[in-house]
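**Student:** need a structure here:
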Amino acid sequence: MSAQLEPLRRQLAPRPYPARRPDEGGPVVFASGKGGTGTSTLAALLACGVGATGSRVLLVDGNVGPGSLHLYLGVE
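**Tutor:** Reported below is the predicted structural model:
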């Protein structure tokens with residue numbers, strides 16, 4: 001069994017992120033295993049704040065159930 005798992009372990013091994021310039025942003029992820037913890041609220045507020053500085057922001061709602069970011073941001 002161990003021999004079968006080794007290729008998977010190599011695939012999942014952590015890889016270093018490429019070097020970024022100091023003015024470049026990187027990915028930010030908010031996650032929780034339980035609903036109602038405020039991750040969507042925090043993500044929306046942070047995205048609005050970063051966007052207000054003129055930076056580009058991509059916000060993805062990955063909720064398994066019905067998402068709420070579209071409600072917070074007024075998008076249909």
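
**Student:** contacts and neighbour counts: CA atoms only from here.
**Tutor:** Will do.

**Student:** Can you pull out the low-pLDDT segments for this structure?
**Tutor:** 1-2, 17-23 (pLDDT under 70).

**Student:** Counting neighbours, what do you get for residue 56?
**Tutor:** As a burial measure, residue 56 scores 10 neighbours (other CA atoms under 10 Å).

**Student:** Could you pull up the residues touching it?
**Tutor:** Contacts were defined as CA atoms under 8 Å, 6 or more residues apart in numbering; by that measure residue 56 touches residue 50.

**Student:** Let me know the secondary structure of it.
**Tutor:** Secondary structure, DSSP: H, G, I helix; E, B strand; the rest coil: residue 56 is coil.

**Student:** Hmm, residue 57 is touching residue 50, no?
**Tutor:** Yes. Contact status for residue 57 versus residue 50: in contact at 7.2 Å, counting by CA atoms under 8 Å.

**Student:** any idea how far residue 47 lies from residue 26?
**Tutor:** When distance is defined by CA to CA, to the nearest Å, residue 47 is 13 Å away from residue 26.

**Student:** Could you measure from the closest residue to residue 70 other than its chain neighbours over to residue 68?
**Tutor:** Closest residue in space to residue 70, ignoring its immediate chain neighbours: residue 76 at 6.2 Å, by CA to CA, 6 or more residues apart in numbering. According to CA to CA, residue 76 and residue 68 sit 11 Å apart.

**Student:** The two - which one has more neighbours?
**Tutor:** Of the pair residue 76 and residue 68, residue 68 is the one with more neighbours under other CA under 10 Å, namely 14 against 5.

**Student:** The more buried one against residue 42, yeah?
**Tutor:** No. Contact between residue 68 and residue 42 fails when scored by CA under 8 Å: they sit 11.9 Å apart.

**Student:** So the spatially most central residue of the chain versus residue 73, what's the distance?
**Tutor:** The centroid of the chain falls nearest to residue 29 when counting by CA atoms, centre = their mean (3.0 Å). Distance of residue 29 to residue 73, given as CA to CA: 18 Å.

**Student:** I'd like the next helix or strand past the helix or strand harbouring residue 11.
**Tutor:** Element membership of residue 11 [criterion: DSSP states H and E] is helix 2-12. Per DSSP H and E, the first helix or strand lying C-terminal to helix 2-12 is helix 39-52.
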